[in-house]
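Chemist: Here is my input, please return the structure:
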Amino acid sequence: MTPTPAIVLTAVFLALSALHVYWALAGSTSLDGFVPTRGGRPLFEPGRLSCLAVATALFAAAVVTVWRGGYPDVAPSWVPRVGIWVLAVVFALRALGDFRTIGFFKRVRGTRFARNDTWIFSPLCAAISALAVWLALGY
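Modeler: Residues are numbered from 1 along each chain as shown. Below is the predicted model:
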């Protein structure tokens, strides 16, 4: 039976991957509140290719979590063990942020993105990291 953290992480990664595919297809008009801004202007404008690249990375993260959860067992066991630790570190670093515009310790506040980041994005990244650590240590 696949452990609960693997199921939850897989579902989250697949949902996030699908969201990034949607953004790639819908274009940048649907990104309001999802990209950091300064002075009312986005700090970057992700293109279709970058959205698809992130979607692919998130899909790969889903594969790693399923693999670490015990299915399928198709290669050396160290691969998903290392992969799940990489995910734990990457999402912990994202939750902490860059100390300017993203993460719990950002200085830029008062924008729609900053509110979303404080209440949704950074806590989600911290939860993903914690679940990845649980999966890494527990199974």
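Chemist: all helices of this structure, in order?
Modeler: Per DSSP state H, the chain carries helices over the ranges 4-26, 48-68, 78-96, 112-116, 122-138.
Chemist: out of those helices, nearest to P42?
Modeler: The minimum distance between P42 and the helices of the chain falls on helix 112-116, with 8.5 Å, by Cβ to Cβ. Using the backbone N, CA and C atoms, a C-beta is placed for each residue, glycine as well.
Chemist: ok now the closest one, how far from the chain's centre?
Modeler: Relative to its chain's centre, helix 112-116 lies at 16 Å (Cα atoms, centre = their mean, to the nearest Å).
Chemist: I'd like to know which elements it is packed against.
Modeler: The helices and strands touching helix 112-116, judged by 3 or more Cβ pairs under 8 Å, 6 or more residues apart in numbering; DSSP states H and E, number zero.
Chemist: got the buried residues for it?
Modeler: 113-114 (16 or more other Cβ atoms under 10 Å).
Chemist: what does stretch 10-21 give?
Modeler: 10, 12-14, 16-17, 19-21.
Chemist: How about stretch 43-62?
Modeler: 46, 51-52, 54-55, 58-59, 61-62.
Chemist: measure S50 to F44 for me?
Modeler: 9 Å (Cβ to Cβ, to the nearest Å).
Chemist: Distance to F34 for the buried residues of stretch 43-62 - can I get that in CSV?
Modeler: Below are the buried residues of stretch 43-62 laid out as CSV (distance: Cβ to Cβ, whole Å):
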residue, distance to F34
P46, 9
C51, 11
L52, 16
V54, 11
A55, 14
L58, 14
F59, 19
A61, 18
A62, 20
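Chemist: which among these gets closest to W78?
Modeler: Nearest member of the buried residues of stretch 43-62 to W78, counting by Cβ to Cβ, is A61, at 17.4 Å.
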